[in-house]
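*Asks:* Structure of the sequence below:
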Amino acid sequence: MEVIQTKLAGCVIIKPKVFGDDRGFFLESFHAERYKKVVGIKETFVQDNRSRSIKNVLRGLHFQKTKPQGKLVTVTSGEVFDVAVDLRPNSQTFGQYEAVVLSGDNKLQFYVPPGFAHGFCVLSESADFQYKCTDYYDPNDESGLLWNDPVINIQWPLKAPVLSEKDKIQPLLSEIEAKIKQGWV
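*Replies:* The predicted structure is shown next:
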């Protein structure tokens, strides 16, 4: 596999080795020892999630306040624009983001370490999104950031996303930055 470093420490893009021929393909989507040694993922994954969304749906930017989750994300069908925002209180890149296009065709993975907000928007007619998490989801611990926060300034490839009611009213980073720096993430 190839590991592509991003400007956000610990946040990496993974290009797995794909073995293919006229019958199809095979790839190893996770191997604990290899991902620890080659990618640097030290956390243990405890929960796997899968979702399907239609074109122009934007989910995020979500994070857990006191039980941050690392996520190893991939798209098995379709195409998404995937985003991680650094919320680690003492990070040099606090408030900055990294984005990557993940698709069933390119088979890339994106590792988003604990301490980041995460979101994605669907570019294809639909997309199946799969991710491994390093902590259990707790609905009482969830929070988020407004998808179009002008300070973060994510260059989303769509102007009018389909959002959940919750994602329409998430706070700006400036509104919760003090809580984050006092131990939320």
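
*Asks:* Number of residues surrounding the closest residue to residue 181 other than its chain neighbours?
*Replies:* Once flanking residues are discounted, residue 181 sits nearest to residue 89: 4.4 Å by CB to CB, 6 or more residues apart in numbering. C-betas here are computed from N, CA, C, even on glycine. The number of residues packed near residue 89 is 14, by other CB atoms under 10 Å.

*Asks:* so residue 89, which of the three states?
*Replies:* Of the three states, residue 89 takes coil under DSSP: H, G, I helix; E, B strand; the rest coil.

*Asks:* That one and residue 111, how far apart?
*Replies:* Distance of residue 89 to residue 111, given as CB to CB, to the nearest Å: 20 Å.

*Asks:* is the spatially most central residue of the chain in a bridge, and if so with what?
*Replies:* In the chain, the centroid-proximal residue (CA atoms, centre = their mean) is residue 118; its distance is 4.3 Å. Taking DSSP bridges as the rule, residue 118 bridges to residue 62, residue 84.

*Asks:* Please verify my assumption that it contacts residue 84.
*Replies:* Yes - taking CB atoms under 8 Å as the definition, residue 118 is a contact partner of residue 84 at 5.6 Å.

*Asks:* Mutual contacts of the two, please.
*Replies:* Common contact partners of residue 118 and residue 84 (CB atoms under 8 Å, 6 or more residues apart in numbering): residue 112.

*Asks:* Start and end of stretch 93-109, how far apart?
*Replies:* Start-to-end span of stretch 93-109 (CA to CA, to the nearest Å) is 21 Å.

*Asks:* ok, and what's touching stretch 34-43?
*Replies:* Outside stretch 34-43, the residues within contact range by CB under 8 Å, 6+ apart are 1, 3, 10, 12, 14, 28, 70, 72, 111, 113, 114, 134.

*Asks:* Which stretches in the chain count as helices?
*Replies:* 32-34, 165-168, 173-179 (DSSP state H).

*Asks:* pull the CA atoms of the worst-scoring helix or strand of the chain on mean pLDDT into PDB?
*Replies:* Lowest mean confidence among the helices and strands of the chain (mean pLDDT, DSSP states H and E): strand 24-27, at a mean of 86. Only the C-alpha atoms of strand 24-27 are listed here, as PDB (Å, rounded to 0.1, in the frame of the first residue of the first chain):
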ATOM      1  CA  GLY A  24     -12.600  -8.400 -11.000                       C
ATOM      2  CA  PHE A  25     -10.300  -7.300  -8.200                       C
ATOM      3  CA  PHE A  26      -9.100  -8.100  -4.600                       C
ATOM      4  CA  LEU A  27      -7.700  -5.700  -2.000                       C
END
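
*Asks:* so what's the residue nearest to residue 5 when sequence neighbours are not counted up against?
*Replies:* Spatial nearest neighbour of residue 5, excluding adjacent residues (CB to CB, 6+ apart): residue 12 at 6.0 Å. Shown in contact with residue 12 (CB under 8 Å, 6+ apart): 3, 4, 5, 6, 39, 40, 110, 111.
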